[in-house]
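Student: okay, sequence plus prediction incoming.
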Amino acid sequence: MSLSLKLKILQFLQFFIWGSWLITAGSYMGATLGFNGVQIGSIYAAMGIASIFAPSIMGIISDKWIPANYLFILCHLVGGVTLFAAAQTESYLLFYIIMLINLFVYMPTIALSYSICYACFEQEKLDPVIAFPPIRIWGTIGFIAAMWVISLSNLSVSVGQFYIASAAAFFLAVVVFFIIPKIAITKSENQNPSLVERLGLNAFVLFKNYRLATFFIFTMLLGAVLQISNTWADPFLKSFAESELYQNSFMVTQSTLIVSLSQISEVFFILSVPFFLKRFGIKYIMLISMMAWFFRFLFLGLGDPSMVGTMFIILSMIVYGCAFDFFNISGSIYIEKATSPHIRNSAQGLFMTLTNGVGGFIGSYAAGFVVDKYSVYAQVMNEHGELVEKLVSRDWSTIWFVFATYALLLAIVFFFMFKNKKDELSMLQKAGE
């Protein structure tokens, strides 16, 4: 088996695990477990907490005690156990604790999977710029494949999604044990980097530069909208089951498959990022991303399973690829080009901490509050004779329009606050010196 095929299998399974539940867990928690908007948001906010702390902690462990591929295997074994355990509980508190543990062991494996790839490239003397993209794309394919499996198996509101994710985690651990050689992660020149450095917090020196400070603040604010989309797109489509007219429509019965069009769109838009970034610069590519988020939410607010409404839903899925790639990919490239080499890794760490960590945490809770504000709940008696809240209805159009307004306001403020300059890159490279 070639190295390329081994690493493609690794990336495919890595993101297959995530795709098995990330998009559909919101529907499961709402429809099956009866969680309210804030409770659902808090589960996704746990991803933000994990993204802030876990990768750094695991990085220290992999440098000092356990080789990256063995730590990767251990994380997925624990992840498999927690995903299986998540399927056994209906208690919000217990479910939250289990998923928090799962995310603490899963989120670091994304970076570890990249480190394994780069170490293999170094052993084979391959250029990662050329070798990595065609391998990483299999991660997106794995994510899409998982969504299709869940949708076509009608498991989007079932515990079955966690059983599939758990099985995939165990399988990946076994596969990596047998096909990936032991990898010793190359340590940095600083043999004892502090936790502050691992979190990328030493890159806060870049905030001395106005334009970089503005960029980082807005990436955090944009990071919030990604969790809004991940959490609520599938439950929204599922909600049309309440209508007799639409309850058996393809959009309702195969909602996860529809949402997967967003990830398929990513595959195509990622190819255009270098062209647009070089031609228009970071300011306008970020503006395009913000406006794409605006249209993503606007189209969702206008969408329904009718013929015209379906067109809006499909358009919202298409623009997602632009919204995501023009923000995440271009932002990472911009930081790579606009900061000095000695602080570049820390700047990338700060970028991820602010977007997936702080932004994701804020976005998950804020979205939950907005959803609950425009939801109607009723007090009902459950089978145990206890009074519990049951969802009656949600004003989804207003909810999506609130999110669209947020994205539009971000775009307007960013346009006036962030200034493009011809000497942008050369000037910003001095920011960390």
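Tutor: Arrived safely, thanks for sending. Residues are numbered from 1 along each chain as shown.
Student: okay, CA-based contacts and neighbour counts for the rest of this
Tutor: Noted.
Student: C-alpha coordinates for stretch 87-102, CSV please?
Tutor: Extracted in CSV, the C-alpha atoms of stretch 87-102 (Å, rounded to 0.1, in the frame of the first residue of the first chain):
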residue,chain,number,x,y,z
ALA,A,87,-25.7,7.0,22.9
GLN,A,88,-26.7,5.5,26.3
THR,A,89,-27.9,8.7,28.1
GLU,A,90,-30.8,11.0,27.8
SER,A,91,-29.7,13.3,30.7
TYR,A,92,-28.5,16.8,29.5
LEU,A,93,-25.8,17.1,32.2
LEU,A,94,-24.4,13.6,31.6
PHE,A,95,-24.6,14.0,27.8
TYR,A,96,-22.7,17.4,28.1
ILE,A,97,-19.9,15.9,30.2
ILE,A,98,-19.5,12.9,27.9
MET,A,99,-19.4,15.1,24.8
LEU,A,100,-17.0,17.5,26.4
ILE,A,101,-14.6,14.6,27.1
ASN,A,102,-15.1,13.4,23.5
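Student: what's the mean pLDDT across that stretch?
Tutor: Averaged across stretch 87-102, the pLDDT comes to 95.
Student: buried by neighbour count: which residues of that stretch qualify?
Tutor: Neighbour-count burial for stretch 87-102 flags 87, 92, 95-96, 98-102 (criterion: 16 or more other Cα atoms under 10 Å).
Student: between these, which sits nearest Ile164?
Tutor: Distances from Ile164 to the buried residues of stretch 87-102, taken as Cα to Cα, are shortest for Ala87 (10.5 Å).
Student: in contact with the closest one, which residues?
Tutor: Counting by Cα atoms under 8 Å, 6 or more residues apart in numbering, Ala87 touches 159-160, 162-163.
Student: tell me the SS of Glu90?
Tutor: coil (DSSP: H, G, I helix; E, B strand; the rest coil).
Student: how about it, nearest residue that isn't a chain neighbour?
Tutor: Excluding the flanking residues, the one nearest Glu90 by Cα to Cα, 6 or more residues apart in numbering is Leu33, at 6.0 Å.
Student: ok, now how distant is that neighbour from Gln14?
Tutor: From Leu33 over to Gln14 the distance is 27 Å, taken as Cα to Cα, to the nearest Å.
Student: chain center to stretch 329-341, what's the gap?
Tutor: Centroid separation between stretch 329-341 and its chain, computed with Cα atoms, centre = their mean, to the nearest Å, is 20 Å.
Student: what does the average pLDDT come to for the host helix or strand of Ile329?
Tutor: In this assignment (DSSP states H and E), Ile329 forms part of helix 307-338. The average pLDDT within helix 307-338 is 86.
Student: so which bits of that helix are buried?
Tutor: By neighbour count on 16+ other Cα under 10 Å, the buried set for helix 307-338 is 309-328, 330-332, 335-336, 338.
Student: so for Leu33 and Gln14, which sits in the more crowded spot?
Tutor: Neighbours per residue (other Cα atoms under 10 Å) separate Leu33 from Gln14, with Gln14 holding more: 25 against 16.
Student: how near is the nearest residue to Ser262 once chain neighbours are set aside to Ile179?
Tutor: Nearest residue to Ser262, sequence neighbours excluded (Cα to Cα, 6+ apart): Met317, at 4.5 Å. Distance from Met317 to Ile179, counting by Cα to Cα: 36 Å.
Student: could you list every helix and strand in contact with the helix holding Ile329?
Tutor: When contacts are defined as 3 or more Cα pairs under 8 Å, 6 or more residues apart in numbering; DSSP states H and E, helix 307-338 sits against helix 255-269, helix 273-302, helix 341-352, helix 424-428.
Student: swap the cut-off to 10 Å and go again
Tutor: Packing partners of helix 307-338 (3 or more Cα pairs under 10 Å, 6 or more residues apart in numbering; DSSP states H and E): helix 210-238, helix 255-269, helix 273-302, helix 341-352, helix 424-428.
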